[in-house]
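Student: Give me a model of this one.
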Amino acid sequence: MRKKIYPSIEVVVLTAIIFALFALPAVVRAGSLVSWGYDGHGQVSNTLVIAGSSGISPPPFWEDCFWGMTSSIERAFPFTVASGGPYIVEELEVAAYHYEGMAGSTAYFSINNDNNGEPGDVLATIEMTGITTTQQVVSTEITEELTLNSYTPYWLVGGTTQGQVNWSLGDMAFGTAACRVDHAEWFILSYTNVSAYAILGSPVPEPATIAVDIKPGSCPNPLNVKSKGVLPVAILGSEDFDVNAIDVASIRLADVAPIRSSFEDVATPVSDSNDCKCTEEGPDGFLDLTLKFETQRIVEAIGDVNDGDVLTLELTGVLFGERPIEGADCVLIRGKHKPINPADINKDGVVNAADFAIFAQNWLQSSIVDE
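Tutor: This next block holds a predicted model:
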């Protein structure tokens, strides 16, 4: 008969101590699962769950099971964004609470790059208020502009400045976790409990193509590279496009911002989609957004050109609903432009001792000149 061997009381106690130290400050008892309603496709309204512990929103969690966060202890979990990106990040949901009478109702989270398998540079920070003694999912909008790419590794890092915030564990959520104390080195845990969270966002929309008319009423569109004036440009409205929806501050032509703008019906879009087609037709009954650009800034942006060159200038911007827009039109270059060598300080067409003398005379002087 084989004799049964039972572990000694010392082994049992030692095992329990090691397990407790490994899990602290998590509460290590099985809890009851808190379930939430969802549509089964990881989607709330029109916002997608782009990453999270369970892939749904709100994230389900286990009661009384958590990773604790204090002013000295931070927790972090890696995630990879769902396919279909890039995504604009809009909201963070976490399951969290704090003890009765303990300060720490505010937690701080950040989304970080991955740095060789541990949290790297911070991309955005999120202040999570509204955490109470009740275990629940708390959410907050992410106001910082942040776009995450599919299949790219990131980290969600959490902490608090006072007291202890308990970040509840997700329902059957296991994976990699990281912890650090007093901003020291990260300690990585493999295949362990992952706290409950969901990151929500929406796909970056495809740019809408708009009709752009450089020098409305002119065909072709001459650009005199010696001009010291302004270059008029119009974004053309239509039955299907209201130019009032454009965020004027976002507009760039060849990466140059306009200096003035107004609304006026000035031109008719060409029927041909070719960027270099133009028309001399005037107003068509739809409001246009007219813009003025400094000609010399456009000339510097396009660089080396010769008389008779035909160039396509691209215009970009964003609607107030954050959808990007893009369009283009052609210009016929009049004159010749060669970018000036920045070392030609006196702009006499040659870099020589005179330029060096100017440089030496102003060495270590203030860039601000008193009038």
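Student: any weak-confidence spans in the stretch 251-371 of the chain?
Tutor: 272-275, 339-342, 344-345, 347-349, 366-371 (pLDDT under 70).
Student: quick one, strands of it?
Tutor: Secondary structure of the stretch 251-371 of the chain (DSSP state E, counting those that start in this stretch): strands at 260-264, 288-294, 310-319, 324-334.
Student: For the third one, give me every contacting residue.
Tutor: Strand 310-319 is contacted from outside by 207-208, 210, 212, 214, 220, 223, 233, 235, 245-248, 250-254, 275-276, 298, 302, 305, 324-333, using C-beta atoms under 8 Å, 6 or more residues apart in numbering. Just so you know, the C-beta spots here come from the backbone N, C-alpha and C atoms, and that holds for glycine as well.
Student: Going by neighbour count, which of those residues are buried?
Tutor: 210, 212, 214, 223, 233, 235, 246, 248, 251, 253-254, 276, 298, 302, 305, 325, 327-333 (16 or more other C-beta atoms under 10 Å).
Student: closest to Y99 out of the strands of the stretch 251-371 of the chain?
Tutor: strand 310-319 (45.0 Å; C-beta to C-beta).
Student: Could you check the angle that closest one makes with strand 288-294?
Tutor: Here strand 310-319 points in a direction 120 degrees away from that of strand 288-294 (axes from the mean of the first three to the mean of the last three C-alpha atoms, to 10 degrees).
Student: which of the residues in strand 310-319 are buried?
Tutor: For strand 310-319, by 16+ other C-beta under 10 Å, it's 311, 313, 315-319.
Student: domain assignment for the chain?
Tutor: 27-203, 208-334 (automatic domain parsing).
Student: Least reliable of these by average pLDDT, please.
Tutor: When those are compared by mean pLDDT, domain 27-203 comes last with a mean of 86.
Student: what about the helices in the stretch 151-300 of the chain?
Tutor: 295-302 (DSSP state H, counting those that start in this stretch).
Student: Please apply the same query to the stretch 1-150 of the chain.
Tutor: 9-23.
Student: How much space separates the residue most central in space within the chain from F320?
Tutor: Per C-alpha atoms, centre = their mean, the C-alpha nearest to the average position across the chain is that of L146, at 2.0 Å. For L146, the distance to F320 equals 19 Å [C-beta to C-beta, to the nearest Å].
Student: again, but for A254
Tutor: With C-beta to C-beta as the criterion, A254 and F320 are 23 Å apart.
Student: now F293
Tutor: 22 Å.
Student: which of the two has more neighbours?
Tutor: Taking other C-beta atoms under 10 Å, F293 and F320 do not tie; F293 has more neighbours (24 against 10).
Student: so the more buried one bridges to which residues?
Tutor: Beta bridges link F293 to L231, judged by DSSP bridges.
Student: ok, now which ones touch it?
Tutor: 230-231, 233, 253, 256-259.
Student: Nothing else from me, thank you.
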